[in-house]
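In: Need coordinates for the following:
(one chain, ligands or ions: 1)
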Amino acid sequence: MKAQQPKNVWHERLRYFDVRQDALLNTIRELVEIESPSDNKPAADRIGGFLAGMFEAIGGRARLHRAEEFGDNLQIEFAGRENVKPVLLLGHFDTVYPLGTLANMPCHVADGRLYGPGALDMKSGIALMLYAIEALKAWHKGLPRPVTVFLVSDEEVGSNSSRKITESLAKESAGVLVLEPAAGLRGAVKTARKGVGEYILTVRGVAAHAGLEPGKGHSAIVELARQITVLAKLNDRESGISVNSGIIRGGTRTNVVAAEATAEIDVRIKNAKQAIMLDRRLRSLKPFDKRCTLSMEGGINRMPMERTTGVAALYQKAVAVAKQMEWKLEEAAVGGGSDGNFTAGMGVPTLDGLGGVGSGAHAVHEHIVIGELPRRALLLAGLIETV
Ligand SMILES: [Zn+2]
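Out: This next block holds a predicted model:
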């Protein structure tokens with residue numbers, strides 16, 4: 001949208017965020033200290049309300065989309081001076097950490113890093129949105145274009161309550177910037193993500209007394225064991241397909257031939273063709289023991305985010321912004337899915353991994369690198385201008 005500004009402007013802009021690094025850090029800390037597990041609606045609603053207030057304080061108009069099972073999803077609209085399509089900033093405020101985690105995993109700073117549950121995934125990303133929007137308003141005396149922020153309450157558990165809203169907002173937008181964590185400590189953005197599916201295979205056999213009439217039984221466990229070896233063979237590292245039978249259950253007692261057994265399966269695929277092929281394969285498994293029956297439930301939850309020309313073009317814009325800061329921005333393809341998969345799947349240019357830099361997402365050592373915050377904020381601000 002804007003022609004490139006002379007270099008010293010970008011140095012000044014970077015200094016603007018350098019000066020605000022501590023404030024930005026405090027905002028992240030504040031957000032981390034409001035625990036917000038996906039499966040606790042009151043807790044999720046608490047942070048949703050808090051964030052609505054923060055975005056309204058910088059001039060946004062907040063709107064809560066009611067959700068019954070999960071926290072209400074939060075949409076914030078910012079008006080812009082130019083009458084162009086808005087850019088959508090996408091994120092989530094739920095975390096994988098149950099209430100009380102802070103007691104054992106307190107938010108703290110050490111060695112230039114901020115530790116705490118959700119610091120990386122993705123409360124730092126939300127704080128970056130706040131500061132980037134505020135900066136653009138200061139630099140342009142009002143936002144140069146409309147910006148829509150959408151913060152989801154159930155991303156970590158599949159985004160069932162928010163997906164439709166995400167998709168309808170994306171459709172209205174010129175591009176989608178996803179504030180999920182960067183890939184690796186060099187801060188690469190994500191231009192491809194694998195698709196994710198979850199399946200449950202249930203085997204029903206025929207129960208029998210294991211001592212008195214073993215010949216009459218048809219073990220669901222033996223059948224499941226054989227099916228699991230079939231599933232394991234579907235793994236194809238080279239083409240990016242993974243199939244993991246992560247949880248198995250079955251049987252009732254040692255002296256009973258098991259009547260039922262189940263496997264919960266996580267699958268990852270790199271493109272839409274693989275998703276269709278794999279789904280078909282999983283649903284057409286045949287029992288080895290004809291007296292056993294198989295049923296497969298579940299499906300692909302997030303289609304892969306593929307590196308389309310729209311995605312590649314958006315990445316090039318990010319590279320150009322980073323270059324103004326003498327920063328060679330890298331790109332990465334990753335195994336995990338995000339809500340960016342939905343929007344990229346609709347053909348809307350999407351760039352992911354624009355949030356904090358750090359490591360340990362979902363783990364006890366989750367943290368961000370504090371010194372990376374200023375240029376992440378500037379990258380986001382520059383992209384909002386140029387998408
Ligand atoms: Zn996330």
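In: Identify the residues contacting the closest residue to the ion within the chain.
Out: Closest approach of the chain to the ion (C-beta to the ion) occurs at Asp121, with a separation of 4.2 Å. C-beta here means a position set from N, CA and C on the backbone, and glycine is covered the same way. By C-beta atoms under 8 Å, 6 or more residues apart in numbering, Asp121 lies in contact with 95-96, 180-181, 361-362, 366.
In: Name the SS class of it, please.
Out: Following DSSP: H, G, I helix; E, B strand; the rest coil, the label given to Asp121 is helix.
In: Now do the SS call for the residue nearest in space to the middle of the chain.
Out: Nearest to the geometric centre of the chain sits Ser338, at 3.1 Å (C-alpha atoms, centre = their mean). When classified by three-state DSSP, Ser338 comes out as coil.
In: Now do it against Gly125, distance only.
Out: Using C-beta to C-beta, to the nearest Å, we find Ser338 at a distance of 11 Å from Gly125.
In: Common neighbours of the two, please.
Out: Shared contacts of Ser338 and Gly125, defined by C-beta under 8 Å, 6+ apart, comprise Glu180.
In: about what we covered before: list the contacts for the residue nearest to the centre of the chain?
Out: 155, 178, 180, 193, 302, 305, 352.
In: so Gly336 makes contact with Gly195?
Out: No: judged on C-beta atoms under 8 Å, Gly336 makes no contact with Gly195 at a distance of 10.5 Å.
In: Between those two, tell me which one has more neighbours.
Out: Legend: neighbour count by other C-beta atoms under 10 Å for Gly336 and Gly195, higher for Gly195 (24 against 18).
In: Pull the contacting residues for the residue nearest to that one when sequence neighbours are not counted.
Out: Nearest in space to Gly195, with sequence neighbours left out and distances taken as C-beta to C-beta, 6 or more residues apart in numbering, is Pro304 at 3.7 Å. Applying C-beta under 8 Å, 6+ apart to Pro304 gives the contacts 192-195, 269-272, 274-275, 337, 341, 345.
In: What's the local residue count around Ala52?
Out: Residues near Ala52, counting by other C-beta under 10 Å, number 20.
In: Looking at it now. What's its pLDDT?
Out: Predicted confidence (pLDDT) for Ala52: 98.
In: residue contacts, it?
Out: Here Ala52 is in contact with 62, 64, 74, 76 (C-beta under 8 Å, 6+ apart).
In: after the one helix or strand the third one maps to, next one along is what?
Out: Element membership of Leu74 [criterion: DSSP states H and E] is strand 73-78. Following the chain from strand 73-78 toward its C-terminal end, the next helix or strand by DSSP H and E is strand 87-92.
In: Show me the beta-bridge partners of Asp208.
Out: Not Asp; residue 208 is Ala. Here Ala208 sits in beta bridges with Val257, going by DSSP bridges.
In: which residues touch it?
Out: 214-217, 256-257.
In: now do 10 Å
Out: For Ala208, the contact set (C-beta atoms under 10 Å, 6 or more residues apart in numbering) comprises 214-219, 256-259.
In: now do Val9
Out: Contacts of Val9 by C-beta under 10 Å, 6+ apart are 139, 324.
In: next one: Phe17
Out: By C-beta under 10 Å, 6+ apart, the residues touching Phe17 are 23-24, 128, 131-132, 135, 373-378, 381.
In: most surrounded residue in the residues you listed?
Out: Leu128 (28 neighbours).
In: Wait, a helix at it?
Out: Yes: with three-state DSSP as the criterion, Leu128 is part of a helix.
In: right, and it touches Leu89 too?
Out: Yes: contact criterion C-beta atoms under 10 Å: Leu128 and Leu89 qualify, at 9.1 Å.
In: who touches both of the two?
Out: 179, 354, 380.
In: What is the neighbour count of the second one?
Out: A total of 28 residues lie near Leu354 under the criterion other C-beta under 10 Å.
In: who touches it in this structure?
Out: 89-91, 122, 125, 128-129, 132, 177-182, 187, 189-190, 318, 340, 376, 379-380, 383.
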